[in-house]
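*Asks:* just coords:
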């Protein structure tokens with residue numbers, strides 16, 4: 001079970017984002033697993049940067065503010081012309097961790113991997129694909145054996161076999177819950193399937209969606225799931241001291257973790273919470289996404305001030321701090337309408353936090369017998385399951401124990417084996 005001597009290039013499309021996403025977490029886990037499999041791991045970034053012979057300057061500019069500008073018409077025409085004749089600028093090879101002080105962005109993933117940088121390559125690729133249906137072809141400074149795209153991207157790496165991870169097809173299954181251009185998304189996934197040697201996905205539910213919607217054989221789609229680390233539990237007094245800073249009491253709150261957008265179904269959770277007769281707080285951890293006001297705007301408009309005061313909204317919490325919120329909560333309520341995998345419930349389980357989640361999509365597959373399930377469209381059902389958790393401590397205790405066992409199924413060792421099996425089909 002080794003990929004020694006295999007050059008793998010992983011996209012940095014989500015890794016270079018300033019805040020976390022589920023795919024960013026997946027990308028970090030993928031790079032870590034590939035390193036453990038002894039592959040030669042390379043990451044392609046699209047940061048602003050210098051393409052000079054000065055290695056120090058190149059590294060400094062890699063960690064400068066990213067270039068998020070829109071392509072000018074001249075840049076677009078130049079890129080299109082290069083693409084049409086089969087050319088695109090070669091990325092610069094950068095050695096990270098020598099000059100720039102370590103930050104969250106320049107973590108151990110970068111110091112253990114080879115970094116390639118091609119300024120605005122993802123913006124260029126997505127713009128060209130959207131308007132002209134063309135994919136960018138990139139020539140790397142050395143041979144790449146496998147180009148692993150952690151989500152569908154309109155980029156080809158010359159002489160490399162392609163693997164694409166498709167996490168879910170939510171824009172096609174629940175089109176009213178996302179801002180994606182549905183036609184472009186459908187076409188890009190279809191092209192990615194055509195161009196890739198295999199497709200990796202994160203649940204059997206997502207695999208069924210892929211097989212049902214696209215022309216692809218079952219043996220080409222490999223389910224690896226996603227690894228979740230079973231972390232050591234924190235000392236109770238440390239958790240209490242941490243929560244005190246936020247004026248939150250240990251085991252006296254219900255927790256929600258996820259982006260504030262229609263798919264996550266926070267609005268119905270708030271409705272259910274409003275009907276509870278409890279002094280429990282509702283703690284919401286997640287960044288504001290599409291139509292966020294429709295999900296949490298009611299806190300200021302529909303309900304009285306005493307209710308709104310019991311709800312605390314934290315837009316950003318670091319991964320390290322999130323563990324305190326999980327371990328200190330009475331339970332996590334995650335009533336998502338649809339998930340390709342659903343990471344927050346497993347993260348909660350790793351910190352002994354009981355879970356209430358949806359009976360929809362991949363969530364029963366992932367959570368097994370370690371969660372209470374609700375109909376995500378039924379506010380009364382959500383309310384009653386929360387009441388059950390509040391009123392019967394034994395329910396939470398049993399779920400905590402089952403959850404710690406459930407997380408073990410998604411260990412890094414199990415993930416590495418499934419990932420290795422998938423890669424060996426390509427090699």
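*Replies:* Okay, I see it. Remember, it's a predicted structure, so these values are computed and weren't measured experimentally.
*Asks:* When you work out contacts or count neighbours from here on, use the C-alpha atoms and nothing else.
*Replies:* Will do.
*Asks:* what's next to stretch 241-249, contact-wise?
*Replies:* 240, 250, 281, 324, 325, 328 (CA atoms under 8 Å, 6 or more residues apart in numbering).
*Asks:* which one of those sits closest to residue 54?
*Replies:* Taking CA to CA as the measure, residue 54 lies nearest residue 324 of the contacts of stretch 241-249, at 43.6 Å.
*Asks:* Now, of the contacts of stretch 241-249, which are buried?
*Replies:* Buried members of these, counted by 16 or more other CA atoms under 10 Å: 240, 250, 281, 324, 325, 328.
*Asks:* thinking the second one is in contact with residue 237, fair?
*Replies:* I take that to be residue 250. No. Counting by CA atoms under 8 Å, residue 250 stays clear of residue 237, with 9.5 Å between them.
*Asks:* now the buried ones among the contacts of stretch 241-249 in a markdown table, with distance to residue 137 and pLDDT?
*Replies:* Listed next are the buried ones among the contacts of stretch 241-249 as a markdown table, based on distance: CA to CA, whole Å; pLDDT from 0 to 100:
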| residue | distance to residue 137 | pLDDT |
| --- | --- | --- |
| 240 | 53 | 97 |
| 250 | 53 | 97 |
| 281 | 52 | 95 |
| 324 | 44 | 96 |
| 325 | 44 | 97 |
| 328 | 49 | 97 |
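*Asks:* Next step: the residues you listed restricted to helices.
*Replies:* Among those, the members found in helices (DSSP state H) are 240, 324, 325, 328.
*Asks:* would you turn those residues into a markdown table with distance to residue 147?
*Replies:* As requested, those are exported to a markdown table (distance: CA to CA, whole Å):
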| residue | distance to residue 147 |
| --- | --- |
| 240 | 45 |
| 324 | 37 |
| 325 | 37 |
| 328 | 41 |
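*Asks:* and the two most separated of those residues?
*Replies:* The farthest-apart pair in these, when distances are taken by CA to CA, is 240 and 325, at 9.8 Å.
*Asks:* Between the ones in helices among the buried ones among the contacts of stretch 241-249, which sits nearest residue 131?
*Replies:* residue 325 (43.8 Å).
*Asks:* Spit out the contact partners of the closest one.
*Replies:* By CA under 8 Å, 6+ apart, the neighbours of residue 325 are 239, 243, 255.
*Asks:* Now do the helices in the stretch 301-427 of the chain.
*Replies:* 305-309, 319-328, 343-350, 363-367, 379-391, 393-408, 412-426 (DSSP state H, counting those that start in this stretch).
*Asks:* Which secondary structure state does residue 234 sit in?
*Replies:* Following DSSP: H, G, I helix; E, B strand; the rest coil, the label given to residue 234 is coil.
*Asks:* scratch that, residue 116 is what I was asking about
*Replies:* Look at residue 116: counting by three-state DSSP, its state is strand.
*Asks:* wait, doesn't it sit right on residue 89?
*Replies:* No. Contact criterion CA under 8 Å: residue 116 and residue 89 do not qualify, at 12.0 Å.
*Asks:* okay, and for the stretch 251-400 of the chain, where does confidence drop off?
*Replies:* 288-308 (pLDDT under 70).
*Asks:* what do you get if the cut-off is 80, keeping everything else the same?
*Replies:* Within the stretch 251-400 of the chain, the ranges that satisfy pLDDT under 80 run 287-309, 316.
*Asks:* coming back round to it: possible to save the helices of the stretch 301-427 of the chain as CSV with distance to residue 21?
*Replies:* Formatted as CSV, the helices of the stretch 301-427 of the chain follow (distance: least, CA to CA, whole Å):
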stretch, distance to residue 21
helix 305-309, 27
helix 319-328, 11
helix 343-350, 10
helix 363-367, 18
helix 379-391, 26
helix 393-408, 20
helix 412-426, 19
